[in-house]
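Peer 1: sequence first, predicted coordinates after that:
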Amino acid sequence: MADNMILPKDPRYLKYPLEAPFDEEKVRWIASNCSRCSVCKWVDSWRVKSAKYARICPQHSKYLYDSHSGQGKCDLALALLDGKIKWDEDPEIKDILFQCTMCGGCDAMDKSIRDAELVKMYRWLRAEYIKKVGPLEEHKAMLNSLKQYDNVWLQPRMKRNSWAKDLADLGIKDLNKEKAEVLLFAGCTYGLSEELKGTVVNMAKILKKMGVDFGTLGDQEMCCGSPPSKTGNLAEFERLGKANIKKFNELGVKTVLTPCAGCYGTLRVEYEELGEKMNFEVLHVTEYLEQLTQEKKIEYKKEIPISVTWHDPCHLGRMSRPYVPGKDLEGVYEEPRNILRGIPGIELVEMERIKEYAWCCGGGGGAFTSFKEFAQWTAQQRLEEAKDTGADILVTSCPWCETNLRAGGIGMEEKMEIVDIFDLMMEAL
Amino acid sequence: MENISRHERHEEILNAFEAALGEGNVKDNPVTVNAYFGDWLPPKTLGTSVPPEFVVLPNGTLEAQAVIKICNRFKIPFIPVGSNQWSMTSAPNRPHTVLIDCKRMGTIHEIDEKNMYAVIEPLVSLAQLHAEANKRGLYIGSPEASAQSSAVAGHLFQGMWGVGYRLGVAYRNILGIEWVLPNGEILRTGSFSQDADNGFWGEGPGPDLRGMLRGYAGAMGGVGMVTKMAVKLHPYPGPKVWPAEGHIPNMTSTLPEDRFTWDIVKYDDLEGAINFMYEIGKAEIGGVVQKWPTVYYIWWWANSNEEYWTEWKKRTFQDNVKNAVGVSLWGFTSSKQTEYEKRVLEDIIAETGGKRIKQEVFDQWVPRTANNWIRDTNGSRMMRPSGTFLALRLQTDTLDFSVGQVKTGYKWVDKFTPPILDSDGPDWIGGYDFGHFGFGETDFPVEKNAESLGDLMGKLLEMTKEDVQNGLENGVGPFLGGPYHAMAAPAFKYDKLLRGIKKAIDPNIVSNPPHQIPMDE
């Protein structure tokens, strides 16, 4: 009977048609199958808890026109591919393609109703825009920095490991000289930001307290490639990604640990696209520490009597796993929450939009450097949502989220303290 | 006016809109207008829709009025849209159209818990309204356009929602309307007419003018723009936060078992299923009673295309849910009511010769899918298997007459297959008001490409003509709006009335022509 069924002629309807490599044909497929249903604009209907926090897309929420939504970008993709709109015809093309924080909110909601990859489409469109129109002025400093220093913050290589300069007594290994199974990959922003480097120090101390034998790459650590990847500068991403994979394999590390959500998502998801064999697993430090919490290897000495709310970084959550059609959009959701629940005195209260339907901090996808006003507006929406929980502080584990949320909080009447989970743990230890 | 160029005229209109709305709230650039002419149903795929000339974002009734007055001044057509899903009629069908997008009109002005109504603007989604109502022990329904669609539009258009058995057609839950007529006048109906903020009374003093706007399938933007609406809310025995477990796309939803139950009962034939629906209505039990076609089970259930076609080829649903009716009992007052209704349902199943579907199929389907008929989140999955779907016909009649109509639908589906894809005989039948009347709809998957759609659309038009010749006894799909009324209105002898209304309120024929009925332009 089944053999006589009238099925679609196009075999792409019969199974997931978007396997790598990602190309123009796949963009056209995704875009032409947009049904304008608007799920890309709203939190999944079953997860809407209030009218106030029902939206998922920061760009569409801020700029309102449908052109600034997932649906609108599908329409734009078709118009560009069909030549109905030229790549340089309308200055707003740049804004529409590059304002987006690449948070994947639309992508996750869309996956509830169809097999699609909106964020991959956006990345491809950004890359095409750069090919056709040229790199964005706003990205040039980042790209020059990567070419010269292999980090995004125009810092000399010798400063890469400066966060660890006072930690000699901890015995952190230099994996260029010694062997260890665990590599701590700090990332450009945690490692080089004066404001944030204390967090990596705390995290390293926690790992050592737990007896973890780990090392770093010292001043040879390179950017993971996330910023060039997200901004469509794919050749630079490929250079960095392949170099990192080669290095990690050569060192024989079994586990790459990173505290940075941006690095984590890139290492776990985007490196797969490079087609290189990876002889190591990638874990976020919260995953690793949560395991130790479960094994009761962490003994807190101090009670912290506050209520906290957890902000899910996009690249630690919905964007941290390759999509398997029909399977859960998994992510590191429970691990940090379990760690927080394990700290004496802490009460965890949830925002309305969490996990795969979390509202973005606004700092991703290049928006933090290129579209500051929008990035900070997005952060303010998140801070307001956090305040509505009644929590004393917002906790997260992403240097981009922390930096952008702090920037967004400047000028807001009611302040919300933003704390990294490792700093909070350290306080209780 | 004749002596100015198209460009000068464009600039003049742009300046007028900007003066009324502010600079950022009017756009005419290519990438903006490009996002407003496609596509769920065929227009963009078939190349029959075009981008608007302007997209405008009014904020509130007075700005919407200003926009519509400008459209009249320049005699340019406008289309007001809510969530803008229904592209067949909300995508411009002619050049130089103004698209009125309500993105700045998303306020819930009031929820009156005691008198059970909400006052909303057109961007407010059904999910937003559900969430706010649920918090207050109240609810509404949502149509299968999914709850991310506009609640105002959901009440104006069609109104076939999952809870229609209990609450009646959605549009009969409309209380007050604040409405900018096509000529720019503001009309307030119901108690809005006396107090612009008070929406408890639908009928209001004087004649009830709601019928001018809605009709069964709405006016498709052909009679102006609703800028504010009061809608009924209803007592709800469920939790304040909608229960949902798991992650996208594998979410499940289970309401408290002492207040909500699901049963799926199958019969040997469609007549048996409809008889069951009548008996439930007579007993006045239940919150949801729906006879879904087989294809609905898998449309709403499948989490990926591969899962869809794999399961369809296994015939899990074709072999188990044919002629089945889904019933959700609601313990509105207490769990004792639920227990009472369960016993009544058992008696009805025994008396009508029904059998529950296999437990494993029930367990496979219900947690993931059934509660979509209370708050729909998976409706857009209808496009999953082939890119789009079409509805052959939609008729409203008594429940038992719906049987004959959907059976006629089978014949048409068979006649047009392919390009219609495998669907096991689409026959959705739902009842309103405890079975006082019902509707039937024949939806089926079609591949979204010009080849399949072009051929099919021609055949569907032939079918519609034949239906009209038969005095509409077989029902036709009124989704076409104006073109439908052009065919059907003379047959039902309401064309003079409809044209009279249109002429009186839209003298310049600017409100989304040719809807709601074509006029001499």
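Peer 2: Great, that's in hand. Just so it is clear, the model here is predicted, and its values are computed rather than measured.
Peer 1: which helices and strands does the helix of greatest length in chain B pack with?
Peer 2: When chain B is scanned for its longest helix (criterion: DSSP state H), the result is helix B:450-469. Applying 3 or more Cβ pairs under 8 Å, 6 or more residues apart in numbering or on different chains; DSSP states H and E, one finds that helix B:450-469 contacts helix B:43-46, strand B:387-397, strand B:437-447, helix B:482-492. For every residue, glycine as well, the C-beta is placed using N, CA and C.
Peer 1: again, only this time at 7 Å
Peer 2: Using 3 or more Cβ pairs under 7 Å, 6 or more residues apart in numbering or on different chains; DSSP states H and E, the elements in contact with helix B:450-469 are helix B:43-46, strand B:437-447, helix B:482-492.
Peer 1: ok, now which ones touch the residue nearest the centre of chain A?
Peer 2: Closest to where the C-alpha atoms of chain A average out (Cα atoms, centre = their mean) is A:His315, at 2.5 Å. When contacts are counted by Cβ atoms under 7 Å, 6 or more residues apart in numbering or on different chains, A:His315 touches A:Ala261, A:Gly262, A:Tyr264, A:Gly265.
Peer 1: and the residues you listed as a markdown table, adding pLDDT, neighbour count and secondary structure?
Peer 2: Output for the contacts of A:His315, formatted as a markdown table (pLDDT from 0 to 100; neighbours: other Cβ atoms under 10 Å in any protein chain shown; DSSP: H, G, I helix; E, B strand; the rest coil):
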| residue | pLDDT | neighbour count | secondary structure |
| --- | --- | --- | --- |
| A:Ala261 | 97 | 30 | helix |
| A:Gly262 | 96 | 28 | helix |
| A:Tyr264 | 97 | 32 | helix |
| A:Gly265 | 97 | 32 | helix |
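Peer 1: so which helix or strand takes in A:Ser35?
Peer 2: Assessed by DSSP states H and E, A:Ser35 sits outside every helix and strand.
Peer 1: burial check on it, number of neighbours?
Peer 2: 25 (other Cβ atoms under 10 Å in any protein chain shown).
Peer 1: same question, B:Val226
Peer 2: Around B:Val226 there are 29 residues (other Cβ under 10 Å).
Peer 1: now it. Nearest residue, chain neighbours left out?
Peer 2: B:Trp179 (5.0 Å; Cβ to Cβ, 6 or more residues apart in numbering or on different chains).
Peer 1: quick check: the one you found is in a helix.
Peer 2: No: going by DSSP: H, G, I helix; E, B strand; the rest coil, the assignment for B:Trp179 is strand, not a helix.
Peer 1: and the gap between it and B:Leu62?
Peer 2: As judged by Cβ to Cβ, to the nearest Å, B:Trp179 and B:Leu62 stand 13 Å apart.
Peer 1: tell me which of these two has more neighbours.
Peer 2: B:Trp179 (25 against 13).
Peer 1: quick check: that one touching B:Leu187?
Peer 2: Yes: assessed by Cβ atoms under 7 Å, B:Trp179 is found in contact with B:Leu187 at 4.9 Å.
Peer 1: so which bits of the stretch 101-250 of chain B are right by chain A?
Peer 2: B:103-104, B:108, B:124-125, B:127-128, B:131-132, B:146-148, B:241-242, B:244, B:246-250 (Cβ under 7 Å from any Cβ of the partner chain).
Peer 1: from those residues, list just the buried residues.
Peer 2: Buried by 16 or more other Cβ atoms under 10 Å in any protein chain shown: B:103-104, B:108, B:124-125, B:127-128, B:131-132, B:146-148, B:242, B:244, B:247-249, out of these.
Peer 1: strands - which of the residues you listed land there?
Peer 2: For these, the ones inside strands are B:Ile108, with DSSP state E as the criterion.
Peer 1: count the neighbours of the nearest residue to A:Asn33 once chain neighbours are set aside for me.
Peer 2: Among residues not flanking A:Asn33 along the chain, B:Gly387 sits closest, at 5.1 Å (Cβ to Cβ, 6+ apart). B:Gly387 has 26 neighbouring residues, counting by other Cβ under 10 Å.
Peer 1: burial of the residue lying closest to A:Val269 once chain neighbours are set aside, as a residue count?
Peer 2: Spatially, and ignoring its direct neighbours in sequence, A:Val269 is nearest to A:Pro322 (5.4 Å; Cβ to Cβ, 6+ apart). Around A:Pro322 there are 10 other residues, counting by other Cβ under 10 Å.
Peer 1: tell me the SS of A:Val419?
Peer 2: Classified using three-state DSSP, A:Val419 is strand.
Peer 1: what about the lowest-mean-pLDDT helix or strand in chain B, near chain A?
Peer 2: Scoring the helices and strands of chain B by mean pLDDT, DSSP states H and E places helix B:43-46 at the bottom, with a mean of 71. No: on the criterion Cβ under 7 Å from any Cβ, helix B:43-46 is out of touch with chain A, staying 7.9 Å away.
Peer 1: and that helix, what other elements does it pack with?
Peer 2: helix B:87-90, helix B:450-469.
Peer 1: most packed of the helices and strands packed on helix B:450-469?
Peer 2: A comparison of those by mean neighbour count, using mean count of other Cβ atoms under 10 Å in any protein chain shown, puts strand B:437-447 on top with a mean of 25.
Peer 1: tell me the angle of that one relative to helix B:450-469?
Peer 2: Going by axes from the mean of the first three to the mean of the last three Cα atoms, to 10 degrees, strand B:437-447 is angled at 150 degrees with respect to helix B:450-469.
Peer 1: hmm, who's touching strand B:437-447?
Peer 2: A:8-10, B:160, B:295, B:385-399, B:402, B:405-406, B:409, B:413, B:419-421, B:423, B:426-432, B:452-453, B:456, B:475.
Peer 1: and what of stretch A:155-163?
Peer 2: With Cβ under 7 Å, 6+ apart as the criterion, stretch A:155-163 contacts A:149-151, A:186, A:191-192, A:197, A:200-201, A:216, A:218-219, A:221.
Peer 1: the same query, at a cut-off of 6 Å, please.
Peer 2: Stretch A:155-163 is contacted by residues A:Tyr149, A:Gly191, A:Leu192, A:Lys197, A:Val200, A:Gly218, A:Asp219, A:Glu221 when judged by Cβ atoms under 6 Å, 6 or more residues apart in numbering or on different chains.
Peer 1: could the contacts of A:His315 go into JSON lines alongside distance to chain B?
Peer 2: Below are those laid out as JSON lines (distance: Cβ to the nearest Cβ, whole Å):
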{"residue": "A:Ala261", "distance to chain B": "18"}
{"residue": "A:Gly262", "distance to chain B": "21"}
{"residue": "A:Tyr264", "distance to chain B": "18"}
{"residue": "A:Gly265", "distance to chain B": "16"}
